[in-house]
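Q: model this:
(chains A and B)
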Amino acid sequence: GQQVMQIPQYQHVQEGEDFTTYCNSSTTLSNIQWYKQRPGGHPVFLIQLVKSGEVKKQKRLTFQFGEAKKNSSLHITATQTTDVGTYFCAGGNSNSGYALNFGKGTSLLVTP
Amino acid sequence: DSGVTQTPKHLITATGQRVTLRCSPRSGDLSVYWYQQSLDQGLQFLIQYYNGEERAKGNILERFSAQQFPDLHSELNLSSLELGDSALYFCASSLEGASGNTIYFGEGSWLTVV
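A: Now for the predicted structure:
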């Protein structure tokens, strides 16, 4: 079945440094979503990408969907302590039916 | 507040027992999802319902079952519990059942099996 893999598993940065997490799927995706889970919290939707090569920005966050629609990335510029949490990508396609398959997430720690 | 309500928030039970986790989706959402989150496995999709019918099945054990009722709330039943079933169980909902829908997560039910 479809697998969604994320790297790195953990990332520790100093406040102000940039951060990138990568998501790769074993199959072509119809869409990819990104979620953020704060420590002790629940995943919260950030964004959805649908088109090949799509790039979306949310303030310091930049999301990309690969041309082949099999990979995606989330880049945070100048991290802040409020960025701490685990970032999940989740992909969906016809092979997975209607459900999203989540990656294992990248846990980001930002120290001041 | 996502609008998805889960009960109980915490549950401690013994091996071999059976528990039921309950979920009320956001108002107007027709689809309900169950996910299991453990430290080493991340977010594992268990099962999805749409308007009362099973829509998609993931890595759900045979000891686990779920259903969605006519009022759209859902229950996840976990039986013959094992230590390894200890995890955070999330319910989520979306307006429809397509993979392109935004999924809203509840706060989760912490299950500890001792």
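
Q: how deep is the residue of chain A found nearest chain B tucked in, by neighbour count?
A: In chain A, no residue comes nearer to chain B than A:G92, which is 2.6 Å away by Cβ to the nearest Cβ. Heads up, the C-betas are built off the backbone N, CA and C, glycines and all. A:G92 has 25 neighbours, counted by other Cβ atoms under 10 Å in any protein chain shown.

Q: what's the closest non-adjacent residue to residue 79?
A: Using chain A. A:V110 (4.8 Å; Cβ to Cβ, 6 or more residues apart in numbering or on different chains).

Q: wrong one, chain B
A: B:R18 (4.2 Å).

Q: for that neighbour, phi and psi?
A: phi -130, psi 140 (degrees, to the nearest 10).

Q: pLDDT score for it?
A: Looking at B:R18, its pLDDT stands at 98.

Q: That one contacts B:N77, doesn't it?
A: Yes. Using Cβ atoms under 8 Å, B:R18 is in contact with B:N77, at 6.8 Å.

Q: if we can go back for a sec, need the contact list for the residue nearest to A:T79.
A: A:H12, A:V13, A:Q14, A:E15, A:F19, A:T79, A:Q80, A:T81, A:D83, A:V84 (Cβ atoms under 8 Å, 6 or more residues apart in numbering or on different chains).

Q: cool, and B:L83?
A: B:L83 neighbours (Cβ under 8 Å, 6+ apart): B:T15, B:V113, B:V114.

Q: ok, it to B:P70 distance?
A: 35 Å (Cβ to Cβ, to the nearest Å).

Q: and what of A:K70?
A: Going from A:K70 to B:P70 by Cβ to Cβ gives 40 Å.

Q: Settle it for me: which of the two has more neighbours?
A: A:K70 (18 against 7).

Q: what does chain A put close to chain B?
A: Within chain A, the residues that sit near chain B (Cβ under 8 Å from any Cβ of the partner chain) are A:30-31, A:33, A:35, A:41-45, A:48, A:50, A:88, A:90, A:92-93, A:96-105.

Q: In contact with B:K57, which residues are there?
A: B:L46, B:I47, B:Q48.

Q: can you rerun that using 10 Å?
A: Going by Cβ atoms under 10 Å, 6 or more residues apart in numbering or on different chains, B:K57 touches A:G97, A:A99, B:F45, B:L46, B:I47, B:Q48, B:A66.

Q: swap in A:Q9?
A: By Cβ under 10 Å, 6+ apart, the contact list for A:Q9 reads A:T21, A:T86, A:G103, A:K104, A:G105, A:T106, A:S107, B:G42.

Q: So for B:R18 and B:N77, which residues contact both of them?
A: B:R63.

Q: pretty sure A:N24 contacts A:N71?
A: Yes. With contact defined as Cβ atoms under 10 Å, A:N24 and A:N71 form a contacting pair (4.7 Å).

Q: Mutual contacts of those two, please.
A: With Cβ under 10 Å, 6+ apart, A:N24 and A:N71 have common neighbours A:V4, A:M5, A:C89, A:G91.

Q: And the residue lying closest to the first one once chain neighbours are set aside, what's its pLDDT?
A: So the one you mean is A:V4. Distances taken as Cβ to Cβ, 6+ apart put A:G103 closest to A:V4, at 4.4 Å, once the chain neighbours are dropped. Here the pLDDT value assigned to A:G103 is 90.
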